[in-house]
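1. let me see the structure of the following:
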Amino acid sequence: MFFLHAGPAQVLELFVRRRVDRARALGAAGDRGASAVEWVIITSVLVILVGIVSKVLYDKITSAAANITVTPPVPAAP
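-> As a prediction, this is how the structure comes out:
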């Protein structure tokens with residue numbers, strides 16, 4: 001499956017859904033229930049960390065882009 005224009009939120013959602021589905025599948029086996037819960041908790045922490053890092057990077061890039069000044073070109077003499 002290809003996503004040509006998937007933004008960070010969509011990628012994050014797909015990642016989380018995949019991890020939750022995987023944890024549910026392991027939990028359905030019966031012998032890995034506690035492990036599945038641990039994976040969900042670990043994944044949740046990682047998702048939160050990715051969100052925080054993304055926000056910090058976005059703010060830094062946005063502020064750096066706002067500080068760029070472009071001077072208009074001087075018109076050529078006729």
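2. and Pro73, what's its pLDDT?
-> Predicted confidence (pLDDT) for Pro73: 83.
3. quick check: closest non-adjacent residue to Val47.
-> Closest residue to Val47 apart from its sequence neighbours, by Cβ to Cβ, 6 or more residues apart in numbering: Val16 at 5.8 Å. Using the backbone N, CA and C atoms, a C-beta is placed for each residue, glycine as well.
4. so how far is the helix or strand harbouring the one you found off the chain centroid?
-> Element membership of Val16 [criterion: DSSP states H and E] is helix 8-28. Its chain's average C-alpha position is 13 Å from that of helix 8-28, according to Cα atoms, centre = their mean, to the nearest Å.
5. other SSEs contacting it?
-> Packed against helix 8-28 by the contact rule (3 or more Cβ pairs under 8 Å, 6 or more residues apart in numbering; DSSP states H and E) you find helix 33-66.
6. tell me the buried residues in the helix it packs on?
-> Buried positions in helix 33-66, judged by neighbour count with 16 or more other Cβ atoms under 10 Å: Ala36, Trp39, Val40, Thr43.
7. so what does that helix touch, helix or strand wise?
-> helix 8-28.
8. would you put the C-alpha positions of the helix it packs on in CSV?
-> The C-alpha trace of helix 8-28 is given here as CSV (Å, rounded to 0.1, in the frame of the first residue of the first chain):
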residue,chain,number,x,y,z
PRO,A,8,3.2,13.0,9.7
ALA,A,9,-0.2,12.6,11.4
GLN,A,10,-1.3,9.9,9.0
VAL,A,11,2.0,8.0,9.2
LEU,A,12,1.8,8.2,13.0
GLU,A,13,-1.8,6.9,12.9
LEU,A,14,-0.8,4.0,10.7
PHE,A,15,2.1,3.1,12.9
VAL,A,16,0.0,3.2,16.1
ARG,A,17,-2.8,1.1,14.4
ARG,A,18,-0.3,-1.5,13.3
ARG,A,19,1.2,-1.8,16.7
VAL,A,20,-2.2,-2.0,18.4
ASP,A,21,-3.4,-4.7,15.9
ARG,A,22,-0.2,-6.6,16.5
ALA,A,23,-0.6,-6.4,20.3
ARG,A,24,-4.2,-7.6,19.9
ALA,A,25,-3.1,-10.5,17.8
LEU,A,26,-0.5,-11.5,20.4
GLY,A,27,-3.1,-11.1,23.1
ALA,A,28,-5.5,-13.4,21.3
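9. this completes my enquiry, with thanks.
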